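Peer 1: structure, please.
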Amino acid sequence: MGTVTKALSLLSYFSRSAPEIGLSEMTRLSGLNKATVYRLMTELAEQGFVEQVGTGRQYRLGPIYLRLAALREAAVPTREVAQKVLKDLSEATGETAHMSVLQGQVLSTLAYVYSVQHGTRVTMEDAQQINFHSTSSGQVVLAFNGADLADRVLSEPLEKRTPQTETNPDVIRQQVAQARQLGLAEVVSGFEEDVHSHACPVFDARQSCYGAVAVAAPVARMTPELRGIIQREVAVASLRMTRLLGGFVPDEFKQKSEALLATPAGAQS
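Peer 2: Numbering: from 1, shown residues only. Alright, predicted model coming up:
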């Protein structure tokens, strides 16, 4: 792992639940030695990627992100477009809808929308990193990307986030193959217990899969009827998201999405 990669990897530990992280905690999370972490964080601070706050001199994300985010959104208003599609998807299903994008070799949440229909719902983190092997979004991205990405992901240690998380690479390859065959991935309690998720791919202008649109619901609320509704609506949102963001849907996925749209509620296996 190069110096730049190591430095940028430290930024992934910040989240809404952990907006500030001290040097010792960052050392523990990263598994790097303390001197290396201090050097990398110092260099990130000099460039505005992080800043230190409070008497404990904890680190938090720095001001450079405001500028970079504004520049990105001005050029490609992806998040604004995504929010509109996800709002409609959430309203149609009554559940949490979200979109994730592939950034290098990391899959992260870009946007999400909560339904107002239920008090109990699946919650998300801003810019949350999503495991490829244990989420429907991750599996469908692996399914519609080249074999190199799947080979890399499945050759590394796979995190077992819940008792139900599948970590056998051979089994995951079968699940990914099924997702490609159906045009949709479905995972139950793989990333978070009692969460049932469905996802379809999102494609760019070169017809390459660079993300996924998904719906996550509590297991207790997943009836055959709701399952069928979610599968159809996620397929609709996938096609719409691809089109609005300037992408083109491969013929292979068009055929699969048409099959999903034609499937009666609860009939998809």
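
Peer 1: alpha carbons only for contacts and neighbour counts from here, please
Peer 2: OK.

Peer 1: for Ala217, what are phi and psi?
Peer 2: When read as degrees, to the nearest 10, the backbone of Ala217 gives phi -130, psi 150.

Peer 1: next one, pLDDT for it please.
Peer 2: pLDDT for Ala217: 97.

Peer 1: go on, Thr3?
Peer 2: In this model, Thr3 is scored at 83, pLDDT.

Peer 1: okay, now it: neighbour count?
Peer 2: Counted with other CA atoms under 10 Å, the neighbours of Thr3 add up to 10.

Peer 1: what sits against it?
Peer 2: By CA atoms under 8 Å, 6 or more residues apart in numbering, Thr3 lies in contact with nothing.

Peer 1: separation between it and Leu10?
Peer 2: With distances taken as CA to CA, to the nearest Å, Thr3 is found 11 Å from Leu10.

Peer 1: would you map out the domains in this structure?
Peer 2: Here the domain parsing of the chain from automatic domain parsing is 3-66, 77-262.

Peer 1: highest average neighbour count across the ones you listed?
Peer 2: domain 77-262 (a mean of 20; mean count of other CA atoms under 10 Å).

Peer 1: now do the same end-to-end measure for that one.
Peer 2: First residue to last in domain 77-262 (CA to CA) measures 32 Å.

Peer 1: in the protein, which spans are strands?
Peer 2: Per DSSP state E, the chain carries strands over the ranges 50-53, 58-61, 96-103, 106-113, 185-188, 195-203, 209-218.

Peer 1: which strands and helices sit next to the last one?
Peer 2: Okay, so that is strand 209-218. On a contact count with 3 or more CA pairs under 8 Å, 6 or more residues apart in numbering; DSSP states H and E, strand 209-218 meets strand 96-103, helix 136-143, strand 195-203, helix 224-244.

Peer 1: out of the ones you listed, which comes closest to Gln174?
Peer 2: When the helices and strands packed on strand 209-218 are compared by CA to CA, helix 136-143 sits nearest Gln174, at 10.1 Å.
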